[in-house]
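A.B. asks: need a structure here:
(2 chains)
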Amino acid sequence: MTDYGFDTLSVHAGAQPDPATGARATPIYQTTAFVFEDADHAAALFNLQVFGNIYSRIMNPTNAVLEERIAALEGGRAGLSVASGHAAQLVALHTLMGPGDEIVAARQLYGGSINQFNHSFAKFDWHVKWADGTKPDSFKAALSAKTKAMFIESIANPGGIVTDIEAIAKIAHGAGVPLIVDNTLATPYLIRPFEWGADIVLHSATKFLGGHGNSMAGLIVDGGKFDWGGGKYPTLSEPCPSYHGMKLWETFGDMAYAIACRVLALRDLGPALSPMNAFLVLQGIETLALRMQKHCDNALAVARWLKDHPKVAWVNYAGLEDNPSYALHAKYCPKGAGSVFTFGVKGGYEAGMKLVNSVRLISHLANIGDTRSLIIHPASTTHRQLEAADRARAGAGDDVVRLSIGIENAEDIVADLDQGLEAA
Amino acid sequence: MPVYPDDLIKSILRSVKVIAMVGASGNEMRPSYFAMKYLLDKGYLIHPVNPGMAGKEILGRKVYASLREVPAPADMVDIFRASDAAPAIVDEALAEKDRLGVKVIWMQLGVVNEEAAAKAREAGLTVVMDRCPKIEYGRLSGEISWVGVNRKLIDNRKPLLFGKGGSLKRVMKGEKS
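C.D. replies: Okay, the predicted model is just below:
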């Protein structure tokens, strides 16, 4: 059987009853290391000649269930779990980039990713050329001989922009480079980027996949279709010095990228995922379809209500008919436009602060993708160190409020915002 | 990539006992060495074929210069050579088909030659191209899940304990868990 539905895969993919005990839920293999059968078996494992477990920095049976599950949900070839979404970006790019290399990325990425790319990656001599995620042609203009990948979010955080994945994938493939899509805000329930030409999918599983605001985790999925030959990606195509000259692309074929991320970048950089967190994310994924639909339905109800509120200046949610992303939302994620969006509160900075101080149900914190509804006023928190003009350019103007709508009753979320706006 | 039903791959891996591996390497970092080591571990008998190493041993198995010299029987010829070398190897396999009892021509990951495949099929052989028997065995037995690979399978039964070959061998032979 190869064609189970999404909801079935969310519950089952990767998880068979435990071979040792028959436990039906996935056990938490809370162990650092795994015994070898004998010296020959150990050598074969270290040489990647047989499949098996060595050390939980590189692989762990609980994490492996999560890896196979996300690969199945995304329709990819193989997955890899790491400690956080940021770790996923580090490991994914480390496998492709060398000193002096560049990526072309949408400037509408999550602010934390912009920092990571602009500053921390520059210390590795990796460089980013920013393009406009709403203008696919700008990715072509930013290409150079050193470009090794293109990077976008399927739904951008926090702008709520739905990205034209198919158009940007064509530009990437025309340049012979893979398209990497951060699918955190959409999850494969709303968008499966491989179906639109993406080559690598990343997740901060901390958000909607885990979904309960309790565990950090990151995921990498290899689509298995990109041709790594041609010399542009020596980590994959050339003899690997730390594996006695083995060529990963030749040896592992369509899963070579996922294997390389694991046995080189994860092995050597070290951001391994705790098996406990892998278990909690797996538990979350079992209800992904139910939760995401409720998140989207609630978000649309709240966005529509806000749009007509006298104290609200504007609402930026791709699910609203007059939003610039509405057509792309209808194409890429007709089931819903996600649950993270921004709106403007009349009265600017002071009104925004008053609103977050006045809500009694919605939590004031810096995260998204929780069962609980979340709110933040970026100008007074995450972006407060910037000057007013810079804040506005970063999409964190004085009046901007970001919501991540949870799965409570929509009328309770609305009532809380109503009394909060009253106070603002 | 050609598409093969899981049941076909499973029936090949279950019924084959002896494999003639053309292009087997003595270099322990080459894919052919990996595959040979893994398949020996799972209980297959393997005759490596490599004219440059004829008379020597790989993984304790005597190396033959050509399929002509391989002792009978050999149910499957596994081609670990460039795609354009496949027709000559298939011709040789067909010449030795009755003596060896060849039933399957398997071309490795990245090896595709439609002309050679058509010829083998006309002679009544089963052909698999662009696949690795190690990866397929790992996928169908569940072992490959340990590296996060999407097996496209769901299991509601407890698998037999993974061992260094023994128990998985039983799984692949179709014994019930």
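A.B. asks: show me what contacts residue 113?
C.D. replies: Using chain A here. A:86, A:89, A:105, A:182 (Cβ atoms under 8 Å, 6 or more residues apart in numbering or on different chains). (Each C-beta comes from the backbone N, C-alpha and C, glycine too.)
A.B. asks: oops, chain B please
C.D. replies: Contacts of residue B:113 by Cβ under 8 Å, 6+ apart are B:83, B:84, B:86, B:87, B:90, B:107, B:129.
A.B. asks: redo that, cut-off 6 Å
C.D. replies: Residues near residue B:113 by Cβ atoms under 6 Å, 6 or more residues apart in numbering or on different chains: B:83, B:86.
A.B. asks: next, count neighbours for residue A:45.
C.D. replies: Number of residues near residue A:45 (other Cβ atoms under 10 Å in any protein chain shown) recorded here: 19.
A.B. asks: thought it was touching residue A:55?
C.D. replies: No. The criterion here is Cβ atoms under 6 Å, and residue A:45 misses it with residue A:55 at 9.7 Å.
A.B. asks: out of the contacts of residue A:113, who's the most crowded?
C.D. replies: residue A:182 (29 neighbours).
A.B. asks: how about the backbone phi and psi for that residue?
C.D. replies: Backbone torsions of residue A:182, given as degrees, to the nearest 10, read phi -80, psi 110.
A.B. asks: skipping adjacent residues, who's closest to it in space?
C.D. replies: residue A:153 (4.5 Å; Cβ to Cβ, 6 or more residues apart in numbering or on different chains).
A.B. asks: mind checking pLDDT for that neighbour?
C.D. replies: At residue A:153, the model reports a pLDDT of 97.
A.B. asks: write out the residues of chain B neighbouring chain A.
C.D. replies: Within chain B, the positions adjacent to chain A are B:29, B:31, B:34, B:37-38, B:109, B:138, B:143-146, B:148-150, B:152, B:154-155, B:158-159, B:161, B:164 by Cβ under 6 Å from any Cβ of the partner chain.
A.B. asks: need the helices for chain B, in chain order.
C.D. replies: B:6-15, B:31-41, B:86-95, B:97-100, B:114-122, B:133-141, B:166-172 (DSSP state H).
A.B. asks: where among these is the average confidence lowest?
C.D. replies: helix B:166-172 (a mean of 48).
A.B. asks: output the residue of chain A whose distance to chain B is smallest.
C.D. replies: Per Cβ to the nearest Cβ, residue A:67 is where chain A lies closest to chain B, at 2.8 Å.
A.B. asks: touching, residue A:169 and residue A:194? I think so.
C.D. replies: No. With contacts counted by Cβ under 6 Å, residue A:169 stays clear of residue A:194, the gap being 9.7 Å.
A.B. asks: and the two? which has more neighbours close in?
C.D. replies: Ranked by neighbour count (other Cβ under 10 Å), residue A:169 and residue A:194 place residue A:194 first, with 25 against 22.
A.B. asks: quick check, the residue in chain B closest to chain A?
C.D. replies: For chain B, Cβ to the nearest Cβ, closest residue to chain A: residue B:148, 2.8 Å.
A.B. asks: get me the contact residues on the stretch 101-250 of chain A for chain B.
C.D. replies: A:244, A:245, A:246.
A.B. asks: between those residues, which has the most around it?
C.D. replies: Going by other Cβ under 10 Å, residue A:246 tops these with 23 neighbours.
A.B. asks: check contacts around the residue nearest to it when sequence neighbours are not counted.
C.D. replies: Spatial nearest neighbour of residue A:246, chain neighbours left out: residue B:29 (4.3 Å); criterion: Cβ to Cβ, 6+ apart. By Cβ under 6 Å, 6+ apart, the contact list for residue B:29 reads A:244, A:245, A:246.
A.B. asks: for residue 34, the count of nearby residues, please.
C.D. replies: Going with chain A. 16.
A.B. asks: that answer is for a different chain, and I need it for chain B
C.D. replies: 22.
A.B. asks: how close does the nearest residue to it once chain neighbours are set aside sit to residue B:151?
C.D. replies: Nearest non-adjacent residue to residue B:34, counting by Cβ to Cβ, 6+ apart: residue A:49, 4.6 Å away. To residue B:151, residue A:49 is 20 Å away according to Cβ to Cβ, to the nearest Å.
A.B. asks: try residue A:321
C.D. replies: 42 Å.
A.B. asks: so which of those two has more stuff around it?
C.D. replies: For residue A:321 and residue B:151, the more surrounded residue by other Cβ under 10 Å is residue B:151, and the numbers stand at 23 against 8.
A.B. asks: wait, that one touches residue B:139, no?
C.D. replies: Yes. If you go by Cβ under 6 Å, residue B:151 and residue B:139 touch, sitting 4.9 Å apart.
A.B. asks: near the nearest residue to residue A:143 once chain neighbours are set aside, how many other residues are there?
C.D. replies: Once flanking residues are discounted, residue A:143 sits nearest to residue A:175: 5.2 Å by Cβ to Cβ, 6+ apart. By other Cβ under 10 Å, the residues close to residue A:175 number 17.
A.B. asks: wait, residue A:175 sits on residue A:144?
C.D. replies: No. Counting by Cβ under 6 Å, residue A:175 sits too far from residue A:144 to count as a contact (9.5 Å).
A.B. asks: what's the pLDDT at the residue nearest to residue A:246?
C.D. replies: Per the predicted model, pLDDT is 86 at residue B:29.
A.B. asks: and the longest helix anywhere in chain A, what does it pack against?
C.D. replies: Determined from DSSP H, the single longest helix within chain A is helix A:288-307. Under the contact definition 3 or more Cβ pairs under 6 Å, 6 or more residues apart in numbering or on different chains; DSSP states H and E, helix A:288-307 sits against helix A:6-12, helix A:187-190, strand A:312-316, helix A:410-423.
A.B. asks: which residue ranges of the stretch 301-424 of chain A form strands?
C.D. replies: For the stretch 301-424 of chain A, the strands defined by DSSP state E, counting those that start in this stretch occupy A:312-316, A:340-345, A:363-364, A:374-376, A:400-404.
A.B. asks: and what about the most centrally placed residue in chain A, helix, strand or coil?
C.D. replies: The centre of chain A sits closest to residue A:203, judged by Cα atoms, centre = their mean, with a distance of 2.5 Å. Counting by DSSP: H, G, I helix; E, B strand; the rest coil, the backbone at residue A:203 sits in strand.
A.B. asks: I'd say it and residue A:220 touch.
C.D. replies: No. Between residue A:203 and residue A:220 there is no contact under Cβ under 6 Å: 8.1 Å.
A.B. asks: can you list the buried residues in stretch B:152-159?
C.D. replies: Under the neighbour-count criterion of 16 or more other Cβ atoms under 10 Å in any protein chain shown, stretch B:152-159 has B:152, B:153, B:154, B:158, B:159 buried.
A.B. asks: can you tell me which of the residues you listed is closest to residue A:404?
C.D. replies: residue B:154 (32.0 Å; Cβ to Cβ).
A.B. asks: chain neighbours aside, what residue packs nearest to the closest one?
C.D. replies: That would be residue A:12: by Cβ to Cβ, 6+ apart, it lies 4.6 Å from residue B:154.
A.B. asks: separation between that neighbour and residue A:285?
C.D. replies: 11 Å.
A.B. asks: how about the secondary structure of residue A:282?
C.D. replies: Relying on three-state DSSP, one would call residue A:282 helix.
A.B. asks: show me where the stretch 101-250 of chain A has its strands.
C.D. replies: With DSSP E, counting those that start in this stretch as the criterion, the stretch 101-250 of chain A has strands spanning A:102-106, A:127-131, A:147-153, A:179-182, A:200-204, A:218-222.
A.B. asks: which elements pack onto the last one?
C.D. replies: Pointing back at strand A:218-222 there. Using 3+ Cβ pairs under 6 Å, 6+ apart: strand A:218-222 touches helix A:61-74, strand A:78-82, helix A:85-94, strand A:200-204.
A.B. asks: can you tell me which of these is most buried?
C.D. replies: Among the helices and strands packed on strand A:218-222, strand A:78-82 has the highest mean neighbour count (mean count of other Cβ atoms under 10 Å in any protein chain shown), at a mean of 31.
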